[in-house]
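Enquirer: here is the input, now give the coordinates:
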Amino acid sequence: MALFVRANDALHVNPPYGPDETLSLAGSDWLWAVMAVHLLAFLVLLVFCFTTPESDRVFHYLFTITLLVGTVTYYAEASDLGWDSVKQADQLGNGSSRQIFYVKYINWAVAFPSVSLALGLLSNLSWTTIVTNIATSLLWVVTYLAAAYTTTSYKWGFFAFGTLCWIILAMSTLNESREAASRIGISRDYMMLSALANLSWALYPVAFGLSDGGNVMGVTGSFIFFGILDILAGPVLALLFMMLARKWDFRRLHLAFSEHRYAPEDDGTGLPKGSETASPAGNGSTVKV
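Expert: Down below sits the predicted model:
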């Protein structure tokens, strides 16, 4: 039995030298588990990509990439890689330093815009609104990353701007998008998906304020919090999308654009077979090619 037991040696191979507050071995174990959840969901969606009609795969493609990015970033975090030591501006003024995992923000920079895009496509929003929501979600992540790296109390300015982005995104996905979804008769499914996304999004400012922002929660504790939120906003939301998508009419929802369109046969004339062209005699008649 001992032959099959392999201890987690990530912190020995990649030791967290430098910061005062670091990831624990139990935290690394938890991150491996979260990575496994993302990997399993990715593999399930990958199988669905081959069993779903080509015209109905838009959400499969979108969430497959999102889950793959989540798997890679959680692999880095579990391996104690992808971090910097950042001095903390906490209320105690003890000058402690903390592991800030920037790969966590790389994951969010892909996941949050992907969810915004998926909700926008499903509700048949205008592309201007969809692009605005994607840009807003990206700005949310960037401002939180800037706050995490700021070593003075000015970090809360970045936090405020990022939280404002979240509020704007929530208003759009819960109000404007819901109205658009109701016009195409899919409001029930949309609200289920949007409610799950916004429930998890609403807790990210809390988790950030307690961890990379306020340095109240330890590195391991923060990863437990963020891991649960990332599972809800990633694998759980993606699989719920796939379950509900089985009954959607993608052509009626204007979402069948992932199907490859083949051009008509060309018989060597340079024109599609079956088209009409002007007569060489120039008498105004047409000849079938």
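Enquirer: residue ranges with poor pLDDT in this protein?
Expert: 1-6, 90-95, 256-289 (pLDDT under 70).
Enquirer: now do 50
Expert: Applying pLDDT under 50 to the chain flags residues 1-4, 92-93, 262-282, 284-289.
Enquirer: can you list the residues that contact stretch 162-169?
Expert: Stretch 162-169 is touched from outside by 116, 133, 136-137, 139-144, 147, 201-202, 204-205, with contacts defined as C-beta atoms under 8 Å, 6 or more residues apart in numbering. In this view, the C-beta of every residue, glycine as well, is placed from N, C-alpha and C.
Enquirer: what is the nearest of the residues you listed to P19?
Expert: Nearest to P19 out of those is A147 (C-beta to C-beta; 17.5 Å).
Enquirer: I'd assumed S153 was in contact with the closest one.
Expert: No: A147 is beyond contact range of S153, at 10.7 Å (criterion: C-beta atoms under 8 Å).
Enquirer: more neighbours: these two, which one.
Expert: Legend: neighbour count by other C-beta atoms under 10 Å for A147 and S153, higher for A147 (22 against 10).
Enquirer: list the contacts for the more buried one?
Expert: Neighbouring residues of A147 by C-beta under 8 Å, 6+ apart: K155, W156, G157, F158, F159, G162, F208, D212, G213.
Enquirer: ditto for L203
Expert: Counting by C-beta under 8 Å, 6+ apart, L203 has contacts F225, L229.
Enquirer: which strand or helix spans it?
Expert: If you go by DSSP states H and E, L203 is part of helix 187-208.
Enquirer: next secondary structure after that helix?
Expert: Going down the chain from helix 187-208, the next helix or strand is helix 219-231, by DSSP H and E.
Enquirer: for the protein, longest helix please?
Expert: Assignment by DSSP state H gives helix 25-51 as the longest helix of the chain.
Enquirer: got the angle for it vs helix 219-231?
Expert: Interaxial angle, helix 25-51 versus helix 219-231 (axes from the mean of the first three to the mean of the last three C-alpha atoms, to 10 degrees): 20 degrees.
Enquirer: point out the other helices and strands that helix 25-51 packs with.
Expert: Applying 3 or more C-beta pairs under 8 Å, 6 or more residues apart in numbering; DSSP states H and E, one finds that helix 25-51 contacts helix 10-13, helix 58-78, helix 219-231, helix 237-245.
Enquirer: who wins for neighbours among the contacts of A147?
Expert: D212 (27 neighbours).
Enquirer: next one: that one from H60, what distance?
Expert: Computed as C-beta to C-beta, to the nearest Å, the D212 to H60 distance reads 33 Å.
Enquirer: what does Y144 give?
Expert: Distance, Y144 to H60, by C-beta to C-beta: 29 Å.
Enquirer: quick one on the thing from earlier: in the helix holding L203, which residues are buried?
Expert: Buried residues in helix 187-208, defined by neighbour count with 16 or more other C-beta atoms under 10 Å: 187, 189-191, 193-194, 196-198, 200-201, 203-205, 207-208.
Enquirer: farthest pair within the residues you listed?
Expert: Spanning the widest gap among the buried residues of helix 187-208 are S187 and F208, at 31.2 Å by C-beta to C-beta.
Enquirer: tally of neighbours for the residue lying closest to A238 once chain neighbours are set aside?
Expert: In this structure, A238 finds its nearest non-sequential neighbour in F63, 3.8 Å apart by C-beta to C-beta, 6 or more residues apart in numbering. Residue neighbour count, defined by other C-beta under 10 Å, stands at 27 for F63.
Enquirer: with the one 3 residues further on instead?
Expert: Burial measure for T66: 28 neighbouring residues, criterion other C-beta under 10 Å.
Enquirer: how much space between it and F42?
Expert: 9 Å.
Enquirer: check R246 too.
Expert: Distance from R246 to F42, counting by C-beta to C-beta: 19 Å.
Enquirer: what of L117?
Expert: Noted for L117: a distance of 18 Å to F42, by C-beta to C-beta.
Enquirer: how about the strands in the stretch 51-200 of the chain?
Expert: 83-87, 97-101 (DSSP state E, counting those that start in this stretch).
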